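3D, please:
(chains A, B, C and D)
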2 protein chains.
Amino acid sequence: MKLQLHIEMNEALYLRNPESSELGKNIIKHSIELIYQHGFESFTFKKLAESIGTTEAGVYRYFENKHRLLIYIVTWYWGWLEFQIRFQTNNLKDPAVRLRKVIKLLASTVEDDERTSYVNEALLHQIVISEGSKAYLTNHVEEDNKHQFFKPYKDLCSLVGDIIAECNPKYKYPKSLASTILEMAHFQNFFMHHLPSLTDFAKSKDETKIVAFLNDLVFSSIKY
Amino acid sequence: MKLQLHIEMNEALYLRNPESSELGKNIIKHSIELIYQHGFESFTFKKLAESIGTTEAGVYRYFENKHRLLIYIVTWYWGWLEFQIRFQTNNLKDPAVRLRKVIKLLASTVEDDERTSYVNEALLHQIVISEGSKAYLTNHVEEDNKHQFFKPYKDLCSLVGDIIAECNPKYKYPKSLASTILEMAHFQNFFMHHLPSLTDFAKSKDETKIVAFLNDLVFSSIKY
DNA sequence: CATAAATGATAGCTTTACTATCTTTTTAAA
DNA sequence: TTTAAAAAGATAGTAAAGCTATCATTTATG
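As a prediction, this is how the structure comes out:
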């Protein structure tokens, strides 16, 4: 039996549900490949359409614009990651053990999840590292936020924040520490590969060191 | 006597030095105002030219494209901030006191510096918060990095990293902690204002709390 | 089998991003 | 003070991006 995994998406993100058709799934699949290869700035609906073998108009029937599509795939990732975290930390009683697990999941290389046929999580993880913050770093954040576009990100953040609070209920900044971990798991990775002098991992380019750094940061702060 | 402040810029960033003429200075001044108002995505050389009262071609004589201009103003800010930090921490012997001062300077509202006539640091600070990471989050980071475009950012980071190392020479991650502080000083500010549930400062929207959070984070980590 | 829904094909329009050319003005050296 | 070269202004034009509209054809679904 093959298991399937489904991430529920915000309906306001799309005009037509990309999960509902082959074309829709191809839009997601090829977007991930193209954005991974060429970056979000040089990604266009025309190139996407060509890569799929459809037309620009075809893509526009699913997504209003490329920014919405970026939010779609990035929040898909956050939704998927929250599921991974909940699954992998299930039944772990000690919150510190859970927190360690979470940090590892946040900062380690991701492998393609076979249960999701049209999403390559390995590529998507790289996209989230390089383009993820562009999802909200816009002049229309607040509008997008009103549409609940960032809910999966906030949910994930709040999940991590809750574990932190469980480790030390007196720690004053569980949410900020959670968002710091999330962002830094990605930024330190980006820096390590592209601007290595901003990190202490230049030589080895070893992700486990990012995990170690984040663990040290978090457990020193919460004084568990 | 009026003091003037001059930040040395990387020559590869521009085609013609914007400091060398009135038009050039206007390009910087109006860029800052327009990007602050409408965001980098909707900022165009056409709009900029109109706002100055020149033509698109006029702007293109100074900057190859708007991304280079963004790097220019953002690295200008980093250069200016490094100067501020060096000035304000001068003669402070205790590295922990210096570090506290640095964190405060990084995470507090900036006021317009009267010594720089065509740059409004208050607006520029907001731009760096919202658009700063877009300077390097591109597919051409490595190329840009070879041109030394990010040197001012790295220098600032390394200055902070050195102070951390001075506080505790045994601490293993001075550079990563430094880049974490720099990024989080901005991201927590952005979150506090636009996605408040990602922080613990939602109610008060008080920047001094970001400073307190960062101080706690840093001094817990380095165990000074 | 009918019919609604989705897709394909094509066209077109506005804006962005950029280059070229020629004229006029400003600046700076002879 | 003249003179040439550098900068700025004016104008035009091109390719690509971003988007909408229309109509024919194919594919689901009741």
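
list the contacts of stretch A:176-187.
A:103, A:106-107, A:128-129, A:132-133, A:153, A:156-158, A:160-161, A:164, A:171, A:210, A:214, A:217-218, A:221-222, B:179-180, B:183-184, B:187-188, B:191, B:198-201, B:210, B:213, B:217 (Cβ atoms under 8 Å, 6 or more residues apart in numbering or on different chains). (Each C-beta comes from the backbone N, C-alpha and C, glycine too.)

out of these, which touch DNA strand D?
The subset of the contacts of stretch A:176-187 within reach of DNA strand D, by Cβ under 7 Å from any atom of the strand, is empty.

am I right that residue A:174 is in contact with residue B:198?
No: with contact defined as Cβ atoms under 8 Å, residue A:174 does not count as touching residue B:198 (11.2 Å).

ok, now how distant is the spatially most distant residue from the centre of chain A from DNA strand C?
If you look at how far each residue of chain A sits from its centre, by Cα atoms, centre = their mean, the farthest one is residue A:170, at 29.0 Å. Between residue A:170 and DNA strand C the distance is 49 Å, computed by Cβ to the nearest atom of the strand, to the nearest Å.

then residue A:175?
35 Å.

what's the next secondary structure element after the helix or strand harbouring that residue?
If you go by DSSP states H and E, residue A:175 is part of helix A:174-194. Counting by DSSP H and E, the next helix or strand C-terminal to helix A:174-194 is helix A:207-222.

in CSV, could you pull the C-alpha coordinates for that following helix?
Provided in CSV are the C-alpha atoms of helix A:207-222 (Å, rounded to 0.1, in the frame of the first residue of the first chain):
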residue,chain,number,x,y,z
GLU,A,207,25.0,21.2,8.5
THR,A,208,25.3,19.3,11.7
LYS,A,209,27.3,22.3,13.0
ILE,A,210,24.3,24.6,12.4
VAL,A,211,22.3,22.2,14.5
ALA,A,212,24.9,22.3,17.2
PHE,A,213,25.0,26.1,17.1
LEU,A,214,21.2,26.4,17.3
ASN,A,215,21.1,23.9,20.2
ASP,A,216,23.7,25.8,22.1
LEU,A,217,21.9,29.1,21.4
VAL,A,218,18.5,27.7,22.5
PHE,A,219,19.5,25.7,25.5
SER,A,220,21.8,28.4,26.9
SER,A,221,18.9,30.9,26.5
ILE,A,222,16.2,28.9,28.2
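
ok, and the closest non-adjacent residue to residue A:153?
residue A:78 (4.9 Å; Cβ to Cβ, 6 or more residues apart in numbering or on different chains).

report the contact partners of the one you found.
Residue A:78 touches A:128, A:152-153, A:155-156, counting by Cβ under 8 Å, 6+ apart.

in these, find the pair that's most separated.
A:128 and A:155 (15.4 Å; Cβ to Cβ).

neighbour count: those two, which is higher?
Shown here are residue A:128 and residue A:155; by other Cβ atoms under 10 Å in any protein chain shown, residue A:128 has more neighbours (23 against 15).

which sections of chain A are below the confidence cut-off?
For chain A, residues meeting the criterion pLDDT under 70 lie at A:1-2.

one step back: which of the contacts of residue A:78 sits closest to DNA strand C?
Comparing those against DNA strand C with Cβ to the nearest atom of the strand places residue A:128 closest, at 23.8 Å.

which element follows whichever helix in chain A runs longest toward the C-terminus?
What stands out as the longest helix in chain A, according to DSSP state H, is helix A:66-88. Note on helix A:66-88: by DSSP H and E, the next helix or strand toward the C-terminus is helix A:95-107.

buried set for that following helix?
For helix A:95-107, a neighbour-count test (16 or more other Cβ atoms under 10 Å in any protein chain shown) marks A:95-96, A:98-100, A:102-107 as buried.
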